[in-house]
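Novice: Take this sequence and fold it.
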Amino acid sequence: MKNWLQYARESWDHTGKQRHSFAITPKKGQRSVWDFPRPPKIEKVNKSVLVSHKGIVVAETVIALAVLETASPPTYYIPQVDVDMSKLIKIQNKSSMCEWKGTAVYFALKTIKDQPIAWSYPKPFAGFEKVKDHLAFYPQHLECYVGGERVQAQVGAFYAGWITSNLVGPFKGEKVSEHW
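Specialist: Alright, predicted model coming up:
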């Protein structure tokens, strides 16, 4: 019998190799999340990335990374050196497992301690070492910007993709995605 990790990695039908008929065809200057690969890939972001809460900057960088994975908007990872860690607190006894990136730890704002707003992978799996010492943020709970554009949050409490105007879906988490 396959172990959990192997099963999770092999059980996904959509791999970005073929765009499905229900996917929106991108126009010039747009990208389809259905062209993003699985396993995910890490891409350098050539725009400014800003995260704030009620107008107070939590993180700001020009050297972010984006993780691109089939059916989901990118998740942006900001180097910890560009995060104001004095505004965050690590949430004890909360973690999750990603079959590609490893075990995540979570952070909350010191002012809202019961709401996870960020996570990181202190010991990422092989192939995802670049996200070590980076934090990703939930745009559902913050104001997040890429290149000055305010992003929309991916639907769902679990997902944390950042939707920008150059992306087309449909996106995992939307009502039509139950069968993916």
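
Novice: Check the residue lying closest to D84 once chain neighbours are set aside and give its pLDDT.
Specialist: Computed as CB to CB, 6 or more residues apart in numbering, the closest residue to D84 that is not its neighbour in sequence is V58, at 5.7 Å. To be clear about C-beta, it is placed using only N, CA and C from the backbone, and glycine gets the same treatment. In this model, V58 is scored at 98, pLDDT.

Novice: who touches stretch 166-173?
Specialist: By CB atoms under 8 Å, 6 or more residues apart in numbering, the surrounding residues in contact with stretch 166-173 are 22-27, 29-34, 71-74, 154-156, 158-159, 161, 163, 176-177, 180.

Novice: my bad, should have said stretch 95-106
Specialist: Taking CB under 8 Å, 6+ apart as the rule, stretch 95-106 contacts 5, 8-9, 39-40, 67, 69, 90-91, 94, 116, 118-125, 127-128, 131.

Novice: Can you list which of these are found in strands?
Specialist: Those of these mapping onto strands are V67, E69, K90, I91, K94, P116, A118, W119, S120, per DSSP state E.

Novice: Most neighbours among the residues you listed, which one is it?
Specialist: A118 (25 neighbours; other CB atoms under 10 Å).

Novice: so what's that one up against?
Specialist: V83, L88, Y106, F107, L135, A136, F137, Y138.

Novice: Assign the residue nearest the centre of the chain to helix, strand or coil.
Specialist: The centre of the chain sits closest to T75, judged by CA atoms, centre = their mean, with a distance of 2.2 Å. Assigned with DSSP: H, G, I helix; E, B strand; the rest coil, T75 falls in the strand class.

Novice: all numbers from here: first residue = 2
Specialist: Sounds good: first residue 2 from here, last item T76.

Novice: partner residues bridging it?
Specialist: V68 (DSSP bridges).

Novice: All good on my end, thank you.
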